[in-house]
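Participant: using only what follows, build the 3D model:
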Amino acid sequence: MSDALLTARPKVARVSTALVFAVHAAVFAAWTPHIPDVKDRLGLNDGTLGLALLGAPVGSVIAMLAAGGAIARWGSKRVVLLTFLAYALVSPALGFAPSPVWLFVALAFWGGFQGALDVAMNSQGIAVESAYGRPILSSFHAWWSAGAFVGVGIGGLAVGFGVDLRAQMITCTVLLLLAAWPLTRGMFGDDRAVDEHKLGLPWRDRRVLVLGAIMFGGLLCEGAIGDWAAVYLRDTVGVPVGRIGLGYAVFAVMMFLGRVGGDGWVARFGPARVVGVLAALGGTSFAIALVAGQFWLALLGFALFGLGIACIVPVVFSSAAAQSDAHAGQAIAGVATAGWAGFLLGPPLIGLLSHATSLTLALGVLPLCCLGIALAARSLRPAA
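Facilitator: Reported below is the predicted structural model:
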């Protein structure tokens, strides 16, 4: 680590990074309560909606292929600022899309900047964690979960008061453009790579491939809940529109609580045990809730599912940075590419399966992912 990084103010960098995590999540989550309305406005069935949502993973994966190299060359602070601004500017396009094709295109750009920002802010988080000398990455993801909870609340209120997606996203864009520089100025600005031979996604490293598979499964679950919780509660369980946001809300709250305690649990029990046990608990609970098909059991299932996958992302990022021989930004980009592919492929996959079978059976993929994660968790190691 460079002298500049060591002498920077870790507490200030930690606050800045935590706030960027929260804002990143809030903007995404604020869109999720509008998905049923977008589905109805464009006249989409579950399959067509799923295909439109496929735009986001396409853009995200392409952007992540470049994000790691950009961070290694210019530092995560600069990449965070640029992708934060772009993420803000593209957001209103979701509300103006007049057809499923244009929704696909808008989501492709939005997903691209989402994914690149995710890699950059996690790379900054690893730098701050290294400066602290102890596990803190889970706390950043707790802020992400808190932001998601706030965002889904904002989106739910907007839907309840008849505020359409366009007005909501334009307001978000203005606020984000004003906040971009103040939020990023306190970050570490010197986490660039020193050895150019380390540049490039570390896909030849088997350890990174295994960690990428865990990340793929965990974020597939998270993305599917984000986009389909409201649709499931409305169309399958028969919940009134005013309460359809509760599924994602309880999911986000329990994920937040899991991440608040995550750093302490990992320090005490180790990353493999924490991720494995929680994934098994979350998957089993959600499977039972799907079989029951009742509102309150569904909410309990969403809640325990949020707790079950809460620690996957921060633990995998820390483990990848510790295990890979590449620059931390490159290792993070490698597993994040797999993770965001899962996060953004989850919703269209559920949509296509739902169209072919039923939404309940389609969501049954998620407990299976948790089972795989529980079995693979032994490959996780603490950060160096």
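Participant: drop to CA atoms for contacts and neighbour counts, all remaining ones
Facilitator: OK.
Participant: G162 in helix, strand or coil?
Facilitator: coil (DSSP: H, G, I helix; E, B strand; the rest coil).
Participant: look up how far V12 lies from A338.
Facilitator: According to Cα to Cα, to the nearest Å, A338 stands 30 Å off from V12.
Participant: in terms of neighbours, single out the busier of those two.
Facilitator: Neighbours were tallied for A338 and for V12 using other Cα atoms under 10 Å; the higher tally belongs to A338 (23 against 15).
Participant: ok, W265 touching A272?
Facilitator: No - W265 lies out of contact with A272 (Cα atoms under 8 Å); the separation is 10.7 Å.
Participant: give me the more crowded residue out of the two.
Facilitator: The residue with more neighbours, out of W265 and A272, is A272; 21 against 17, by other Cα under 10 Å.
Participant: next up, the contacts around that one.
Facilitator: Under the criterion of Cα atoms under 8 Å, 6 or more residues apart in numbering, the neighbours of A272 are 377-381.
Participant: switch the cut-off to 6 Å
Facilitator: Contact analysis of A272 by Cα atoms under 6 Å, 6 or more residues apart in numbering lists 377-378, 380.
Participant: cool, A26 as well?
Facilitator: Contacts of A26 by Cα under 6 Å, 6+ apart are 147-148, 151.
Participant: what residues sit buried inside stretch 131-143?
Facilitator: By neighbour count with 16 or more other Cα atoms under 10 Å, stretch 131-143 contains the buried residues 131, 135-143.
Participant: what of stretch 93-102?
Facilitator: 93-95, 97, 100, 102.
Participant: just those residues now: which is nearest F305?
Facilitator: Ranked by distance to F305 (Cα to Cα), the buried residues of stretch 93-102 are led by L94 at 28.0 Å.
Participant: related to what we said a few turns ago, can you redo the contacts of A272 as TSV with neighbour count?
Facilitator: Converted to TSV, these look like this (neighbours: other Cα atoms under 10 Å):
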residue	neighbour count
A377	22
R378	13
L380	25
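Participant: the buried residues of stretch 131-143 in helices, which ones?
Facilitator: 131, 137-143 (DSSP state H).
Participant: list just the nearest of the residues you listed to G186.
Facilitator: Nearest to G186 among those is A131, at 14.2 Å by Cα to Cα.
Participant: how close does the closest one get to C311?
Facilitator: A131 is 21 Å from C311, by Cα to Cα.
Participant: and if you look at M255?
Facilitator: On the measure of Cα to Cα, M255 and C311 end up 8 Å apart.
Participant: cool, and M64?
Facilitator: Using Cα to Cα, which is the criterion applied here, M64 is 22 Å from C311.
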